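> Below is the sequence, then the predicted model.
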Amino acid sequence: MKKSIAFLVVMLMAYFGNAQIVEVCNSCDITSVSEAITAAKDFDTVIVKKGIYKDYNIVIDKPLTIIGENHPVIDGELKGEIVTITSDNVTLDGFSIINVGTSYTEDYAAIRVRRSNNFVIKNVVLEKLFFGIYVEKSSYGKIYKNKIIGDAVQEYNSGNGIQLWYSNHIEIENNYVAHVRDGIYLEFSDDCLIKNNVSTENLRYGLHFMFSNNDTYQDNTFKNNGAGVAVMFSKKLKMLNNTFKENWGTASYGMLLKEINDAEIIGNTFEKNTIGINIEGSNRIVYKNNEFLNNGWAVKVRGACYANSFVENNFLYNSFDVSYNSKVNDNVFDRNYWSNYTGYDLNKDGVGDVPYRPVKLFSYIVNRTPETIILLRSLFIDIMDFSEKVSPVFTPDNLFDNNPLIKKNTW
């Protein structure tokens, strides 16, 4: 057995030792990337020199490393899809790809990965695109240090920056995505890591999850997108240390959760959003060490949300801290800091002696009649909220933070 393994290792080393370098330039024998792929053998390296290469429907159907020197430009001239990877063990590094075709029947992409394993896409700049990077039925890939900038104006004729469909174990890191429909989109894609990306000024969502489980997204920034971030019909997610900022609009939020179960939302910042987190039908979620700052609504609970815990968060200067549309509460609020808390701490233990009720009657009224928001700062509303606090009729009578902190949480 040991002799067989040793023989296999020697054969593989000999095989990889025969790998060649194929050069592409405007004055070389090979003048296009397509020609180089045809000429190359498995595990060769293709070096593309600086220049402009007008080409599309480039199919990488063998294991290759394709490297661009000084970001050569591949111009698809709006004719269709530009690069398609169909082989395992492909690396694409250091290109500018522009002018993807637009179609109402085909999802043309600057780079498509189809049924590939162990692929790497890095240091690529994509502009004038329909879809940016589209990964389908592929696994164990890395997409990092790319810049994807679209020119989307309307949702119906624009695509997504990075899209995963039925793809697992994909790492998406250190990318910048802007001006597309959805910055990053996952559907039926499990065990993925989305980390250190910036997704901003996209028409719809900075990030969009559908039917994707056991994924982690952390240390990302989602700023000034049409509707923020949407996470739907998924379970066992980790959402850690992200920033959701300046997602404003009548139907906007930092993050929408719909039918999410058994998740962790920890260490995030929700700042200057119409709604920090909009929650519906989501259960057994831990919200911890998050900061809600200067939002319209920090947390808006629309119903069917059970066994969730909001622990050690900071609620700072939001118009409404928590909004509920039901009198039934099965969620725990504990040891949060509330800037609107007016209680006292006689024993100086850092915990308020009077429980805090974060749901105001006025938030209940605004939910039912949005036009009443113009009364937000009136004395009448303050009196009405006080009377509801003394004797709850419309708001959940058991929704308290029994241990409101006197000073902000620090983590």
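Sure, I can see it.

> drop to CA atoms for contacts and neighbour counts, all remaining ones
Fine.

> low-confidence ranges in this protein?
Low-confidence segments of the chain, defined by pLDDT under 70: 1-17, 361-396.

> hmm, try it at 90
For the chain, residues meeting the criterion pLDDT under 90 lie at 1-19, 102-106, 153-157, 248-251, 302-304, 323-330, 342, 358-399, 411.

> just checking, what's the longest strand in it?
Identified as the longest strand of the chain according to DSSP state E is strand 255-266.

> what does that strand contact?
228-241, 244, 275-290 (C-alpha atoms under 8 Å, 6 or more residues apart in numbering).

> which neighbours does it have in its sheet, and in what orientation?
Sheet pairing here is set by DSSP bridges, and for strand 255-266 it gives strand 228-235 (parallel), strand 238-240 (parallel), strand 275-280 (parallel), strand 283-288 (parallel).

> Toward the C-terminus from it, list the very next helix or strand.
Next helix or strand after strand 255-266 toward the C-terminus (DSSP states H and E): strand 269-271.

> Give me the sheet partners of that next one and which way each runs.
Note on strand 269-271: by DSSP bridges, its sheet partners are strand 243-245 (parallel), strand 291-293 (parallel).

> Pretty sure Ile37 sits in a helix.
Yes: applying DSSP: H, G, I helix; E, B strand; the rest coil, one finds Ile37 inside a helix.

> what pairs with the nearest residue to it once chain neighbours are set aside across the strands?
Counting by C-alpha to C-alpha, 6 or more residues apart in numbering, the nearest residue to Ile37 once its immediate chain neighbours are dropped is Ile60, at 6.6 Å. Assessed by DSSP bridges, Ile60 has beta-bridge partners Ile85.

> Could I get the contacting residues of Ile60?
Here Ile60 is in contact with 37, 83-87, 90 (C-alpha under 8 Å, 6+ apart).

> Count the residues that sit near Lys50.
Around Lys50 sit 16 other residues, with neighbours defined as other C-alpha atoms under 10 Å.

> meant to ask about Thr38, not that
Thr38: 12 surrounding residues under other C-alpha under 10 Å.

> Can you tell me how far it is from Ser32?
Thr38 is 10 Å from Ser32, where distance means C-alpha to C-alpha, to the nearest Å.

> With Lys245 instead?
Relative to Ser32, and taking C-alpha to C-alpha, Lys245 is found at 43 Å.

> didn't Val299 look like it was pressed against Thr274?
No: counting by C-alpha atoms under 8 Å, Val299 stays clear of Thr274, with 10.2 Å between them.

> Which among the strands paired with strand 269-271 is found nearest to Phe400?
Ranking the strands paired with strand 269-271 by proximity to Phe400 (C-alpha to C-alpha) places strand 291-293 first, at 17.9 Å.
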